[in-house]
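K.L.:
below are the sequence and a predicted model; questions follow.
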Amino acid sequence: IPQIEPSFFIQDKWQPTSTLTVQYGLRWEAQIQPDMITPPSEVFYAPFIGQPGFPSDGTIPSDKKMWQPRLGISWDPAGDGRQVVRLNAGLFYSRIPGLTLASSRSTNGSRGQSLFRASFFNGFGVTPPAWPNLIPASQISSPDHPDVYVFSEDFENPRTGSVSLSYERQLVENVSVFASFTHTKTVHVTRFINRNDPVFGSPWSTGLPPNGTNGVGVLTVVESSAKAKYDGLTVGLTKKYSDNWQLQANYTLSRDFSDDDNERDPFSFRYAVANNLAPEYNYSDRDQRHRFNAWALVTAAGIEFNTRVSARSAQPKSVGNTPQDRIQPDGSIIKRNTLRKDPTRSQEEALH
């Protein structure tokens, strides 16, 4: 699955005073995706392409407009070198992994077909051939309502806008404390959704040759319709390397929201119902409300000793074992990730 990813960046620095430094830059990237193995004009669902409402044009869109401005400001309020305020902001794009492209190139209704024969089919015209012979080519017919993967024709790579503000102050020589706040908002997050779901009326289940009764089974569409948001406050203490040892400890209080965390798994759907994605927006699978990290490095007799401690609160989980378990008898839907995993189990997962 060849992917071409050119990029370039320019940056500069301006220091209007001895206490203020401004850094700024611009990065451009593109992710040029490969062509389909089967041309759109020859693919199984080709008659659907161009029809109103059909989500794909049969290709994998490349994103060539990933412009990413960056800004960084450092300011020493007192001019004594004992404290600094930092502001950073920018846009950041994410790449699309090749695994996300694989199914749309191969599971298209044209390149593969599952044929099953068994002795209990005898008399129905589909008697299996005598072993070890294969099913003859004359018995291979056009696929009947195959599952199909496509990319949305307006697909875009995920884009994150990020702003962070921090303050650091020296307490004594080589020892400082700091606090920082980070806010990020991500749009165009990858989502996998069945656009031929019965809740939409299964619009693409008919209309294909030979007589208009054939069509698509599950139509998995790779969209860029999901979103995410993160806010995090971190406080900590740093002891720079001196007298043969150094140390850092920090604590983060954060909230991480999204309405889909499935951007790298094209084989399952995470929503309860396809036509109501509002209940999916809640704490993300990554959410860690509390997290503590500490590490130390000590040099003794020419040998370096290092240790690290990390602890976090349990991550979220949803009601039930499947997304559909969140659907209540009255039709209402419990939000995704309203519960928390068992803390002991969560800690074991973190250690692994």
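P.N.:
Looks like it arrived, so ask away.
K.L.:
strands along this structure, start to end?
P.N.:
Secondary structure of the chain (DSSP state E): strands at 7-17, 20-31, 63-75, 83-93, 148-151, 159-172, 175-194, 219-242, 245-258, 282-283, 290-300, 303-312, 316-317, 339-340.
K.L.:
for those strands, which one sits closest to Thr206?
P.N.:
Closest to Thr206 of the strands of the chain is strand 219-242 (Cβ to Cβ; 12.7 Å). Every C-beta, even on glycine, is put in place using the N, C-alpha and C of the backbone.
K.L.:
return that closest one as PDB; C-alpha atoms alone will do.
P.N.:
Written as PDB, here are the backbone C-alpha positions of strand 219-242 (Å, rounded to 0.1, in the frame of the first residue of the first chain):
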ATOM      1  CA  LEU A 219     -21.400  -0.500   2.900                       C
ATOM      2  CA  THR A 220     -18.600   0.500   5.200                       C
ATOM      3  CA  VAL A 221     -17.700   4.100   4.500                       C
ATOM      4  CA  VAL A 222     -14.400   5.600   5.800                       C
ATOM      5  CA  GLU A 223     -15.400   9.100   6.700                       C
ATOM      6  CA  SER A 224     -13.800  12.100   8.400                       C
ATOM      7  CA  SER A 225     -16.900  13.000  10.400                       C
ATOM      8  CA  ALA A 226     -15.700  12.400  14.000                       C
ATOM      9  CA  LYS A 227     -14.300  14.900  16.500                       C
ATOM     10  CA  ALA A 228     -12.300  15.100  19.700                       C
ATOM     11  CA  LYS A 229     -11.300  17.600  22.400                       C
ATOM     12  CA  TYR A 230      -8.700  17.600  25.200                       C
ATOM     13  CA  ASP A 231      -8.000  19.900  28.200                       C
ATOM     14  CA  GLY A 232      -5.200  19.200  30.600                       C
ATOM     15  CA  LEU A 233      -3.600  21.000  33.500                       C
ATOM     16  CA  THR A 234      -0.100  19.800  34.600                       C
ATOM     17  CA  VAL A 235       1.900  20.900  37.600                       C
ATOM     18  CA  GLY A 236       5.300  19.600  38.500                       C
ATOM     19  CA  LEU A 237       8.800  20.000  39.900                       C
ATOM     20  CA  THR A 238      12.100  19.700  38.100                       C
ATOM     21  CA  LYS A 239      15.600  19.300  39.600                       C
ATOM     22  CA  LYS A 240      18.200  19.700  36.800                       C
ATOM     23  CA  TYR A 241      21.200  17.400  36.800                       C
ATOM     24  CA  SER A 242      23.700  18.500  39.400                       C
END
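K.L.:
who are the packing partners of it?
P.N.:
helix 98-106, strand 148-151, strand 175-194, strand 245-258 (3 or more Cβ pairs under 8 Å, 6 or more residues apart in numbering; DSSP states H and E).
K.L.:
where does the prediction get shaky in this protein?
P.N.:
The chain contains residues with pLDDT under 70 at 112-115, 121, 123-126, 139, 343-352.
K.L.:
centroid residue for it?
P.N.:
For the chain, the residue nearest the mean C-alpha position is Glu263 (3.6 Å; Cα atoms, centre = their mean).
K.L.:
excluding covalently adjacent residues, which one is nearest to it?
P.N.:
Leaving out its chain neighbours, the residue that sits closest to Glu263 by Cβ to Cβ, 6 or more residues apart in numbering is Thr190, at 3.7 Å.
K.L.:
on that earlier part again, so the residue nearest to the centre of the chain versus Leu237, what's the distance?
P.N.:
For Glu263, the distance to Leu237 (Cβ to Cβ, to the nearest Å) stands at 35 Å.
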